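>>> quick check, what structure comes out for this input:
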Amino acid sequence: MFKAVVGHSNDPDSLSAIEEVIQQCMTSLAGDIPQAGILFAAIDFDHSLILQQIHQAFGKIELIGGTTDGEISSVLEFQQDSIALMLFCSDEVEIYAGVGRQISADTITATKQAVEQAKAKSTIAPSLCLTHPESLTTSGVSILNGLQLALGQDVPIFGGLAADQSKYQNTYQFFQTEVLSDSIPILLFCGKILFSHGVASGWHPIGQISKVTKVDKNILYEIDGKPALDFYHHYLGLLPPSMEYPLAVFEQDTDNFYIRAPIAYEPESGSITFFADIPDQAFIQISEAGYEDILAASKASFMNALNNYPGKEPSAVLFFSCVARRQILGTRAQEEYENTKVCLENYLPACGFYSNGEIAPIDLISQTQFHNETFVTLILGVH
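Numbering: from 1, shown residues only. Predicted coordinates for the structure are as follows:
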């Protein structure tokens, strides 16, 4: 048995909201005891109060989560300024939480700390990792690299980086009853968990393939030996680099690519700063997408996950979408979840959030990758 339930409230009062969420979960649990959960919450709630209420209602469950740029669920669909909670029950899968602290001081040590804490609670090797880490104090790529080092390359990692409604000032991560910053909480799923995933952005590479020739983490200085800004001006004229025209960055020796979105530029040096690191010598193309392309990607992501699910009846679905997608889509952001809902014949508990970067393998055989402007679907079950 593997069961997931969801509670979701857009009540602005923290206590009223979490009481509503807990009541919804209690009703759906129908007496089953949850062993773990993940909480997605807007930045302005009293998070400590919310975590205490969850702890009082469900005991010492293995709980992680963090702040968001928008919340998604099968209860209220797309919302902003809300809280959403997914709880997991299973007699076949063990689920344990861990946390790494002060991740900006030593990413490798913090990610190792989180993994070792969670793994110490189980004698079964982990099959899957969920995470909701810090996004502002350190590189998302560095966080992912640390997790991969600690878990090994065979454990896929899924999740999204904590957000703060595009203020870019301070995000919070949740671990049990603690409200943290500069941390990485994780959930390890150990045992017979079945899962599938889909990844799609909607952006299409255009123009010639070029090569990164000078870069420092997320600051791109030169493409094909020329200032990065010249590359953008070649395609966009006088328009500045923007998240509407991100880079497609190709994985080595494949046609697979992930997205990197520009966040700022420096006319004097000709450099462009991106939301996440770009590898030196990587092959890249500028990319474009229309509203319909972006919305079609959420459906494609979901359908890929659903069609690849290795069992008969999935139990839950998690979504991780990007703040940039929400900003570009504006009032149409709600259509991302609606596009997935129409693909289902039966009800499937769903939960997710808009993040400052998404984490998932690009396809079934690739290593886990860090994404911008991408919609990730993760489907879970045991049969």
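>>> kindly export the helix or strand bottoming out on mean pLDDT in the chain (C-alpha atoms) in CSV.
Here the helix or strand of the chain ranked lowest by mean pLDDT, DSSP states H and E is helix 334-341, holding a mean of 92. What follows is helix 334-341, C-alpha atoms only, in CSV (Å, rounded to 0.1, in the frame of the first residue of the first chain):
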residue,chain,number,x,y,z
GLN,A,334,-3.5,28.2,-13.8
GLU,A,335,-3.7,26.5,-17.1
GLU,A,336,-0.5,24.6,-16.4
TYR,A,337,-2.3,22.4,-13.8
GLU,A,338,-5.6,22.3,-15.8
ASN,A,339,-3.7,20.9,-18.8
THR,A,340,-2.6,17.9,-16.7
LYS,A,341,-6.0,17.4,-15.1
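>>> packing partners of it?
Applying 3 or more C-beta pairs under 8 Å, 6 or more residues apart in numbering; DSSP states H and E, we find helix 334-341 packed against strand 77-79, helix 291-308, strand 316-322, helix 323-329, strand 350-355. From N, CA and C alone the C-beta is placed, and that goes for glycine too.
>>> pull the distance from that helix to the chain's centre.
Taking the mean of its C-alpha atoms, helix 334-341 sits 17 Å from the chain's own mean (C-alpha atoms, centre = their mean, to the nearest Å).
>>> what does that helix rub up against?
Helix 334-341 has contacts (C-beta atoms under 8 Å, 6 or more residues apart in numbering) with 72, 74, 77-78, 295-296, 298-299, 301-302, 317, 319, 321, 325, 329, 350, 352, 375, 377.
>>> buried set for that helix?
335-337, 339-340 (16 or more other C-beta atoms under 10 Å).
>>> just stretch 245-262 next, same as before
For stretch 245-262, the buried set under the neighbour-count rule, 16+ other C-beta under 10 Å, comprises 245-251, 256-262.
>>> next one: stretch 101-108
For stretch 101-108, the buried set under the neighbour-count rule, 16+ other C-beta under 10 Å, comprises 101-104, 107.
>>> ditto for stretch 36-44
Neighbour counts over stretch 36-44 (16+ other C-beta under 10 Å) mark 36-43 as buried.
>>> repeat that for stretch 112-131.
112-115, 117-119, 126-131.
>>> hey, C-alpha coordinates of it in CSV?
Provided in CSV are the C-alpha atoms of stretch 112-131 (Å, rounded to 0.1, in the frame of the first residue of the first chain):
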residue,chain,number,x,y,z
LYS,A,112,26.3,14.9,2.9
GLN,A,113,24.8,15.7,6.3
ALA,A,114,21.3,15.7,5.0
VAL,A,115,21.8,12.3,3.2
GLU,A,116,23.5,10.6,6.1
GLN,A,117,20.8,11.7,8.5
ALA,A,118,18.0,10.3,6.4
LYS,A,119,19.9,7.1,5.4
ALA,A,120,20.8,6.3,9.1
LYS,A,121,17.1,5.7,9.8
SER,A,122,16.7,2.9,7.3
THR,A,123,18.5,-0.4,6.4
ILE,A,124,17.1,-0.2,2.8
ALA,A,125,19.0,1.6,0.1
PRO,A,126,17.2,4.8,-1.2
SER,A,127,15.4,4.6,-4.5
LEU,A,128,14.5,8.3,-4.8
CYS,A,129,15.3,11.6,-3.3
LEU,A,130,12.9,14.6,-2.9
THR,A,131,14.4,18.0,-2.0
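>>> pull the residues that contact that stretch.
Residues from elsewhere that reach stretch 112-131, judged by C-beta under 8 Å, 6+ apart: 38, 64, 94, 96-101, 143, 146-147, 149-151, 155-159, 184-191, 193, 195, 318, 359.
>>> give me the subset of these lying in strands.
38, 64, 94, 96-100, 157-159, 184-191, 195, 318, 359 (DSSP state E).
>>> what about burial for those, which qualify?
38, 64, 94, 96-100, 157-159, 184-191, 195, 318, 359.
>>> give me the three-state assignment for Thr111.
When classified by DSSP: H, G, I helix; E, B strand; the rest coil, Thr111 comes out as helix.
>>> over to Lys121?
Per three-state DSSP, Lys121 ends up coil.
>>> okay, it and Ala114: tell me how far apart.
Noted for Lys121: a distance of 12 Å to Ala114, by C-beta to C-beta, to the nearest Å.
>>> ditto for Ser166
Ser166 is 26 Å from Ala114, by C-beta to C-beta.
>>> between the buried residues of helix 334-341, which is nearest Lys3?
Thr340 (20.2 Å; C-beta to C-beta).
>>> and the pLDDT at the residue nearest to Pro12 when sequence neighbours are not counted?
The shortest distance from Pro12 to any non-neighbouring residue, by C-beta to C-beta, 6 or more residues apart in numbering, is to Asp81 (6.7 Å). At Asp81, the model reports a pLDDT of 96.
>>> try Ser366
Here the pLDDT value assigned to Ser366 is 83.
>>> also the one 10 residues further on?
The per-residue pLDDT reported for Val376 equals 98.
>>> that one contacts Ser301, doesn't it?
Yes: between Val376 and Ser301 there is a contact under C-beta atoms under 8 Å: 6.5 Å.
>>> name the residues contacting each of the two.
Each of 198-199 lies in contact with both Val376 and Ser301 under the rule C-beta under 8 Å, 6+ apart.
>>> roughly how far does Leu378 sit from Tyr337?
Taken as C-beta to C-beta, the span from Leu378 to Tyr337 is 14 Å.
>>> oh sorry, the question was meant for Leu149
Distance of Leu149 to Tyr337, given as C-beta to C-beta: 34 Å.
>>> what's the local residue count around Thr27?
Number of residues near Thr27 (other C-beta atoms under 10 Å) recorded here: 10.
>>> just the element for it, please.
Using DSSP states H and E, Thr27 sits in helix 14-29.
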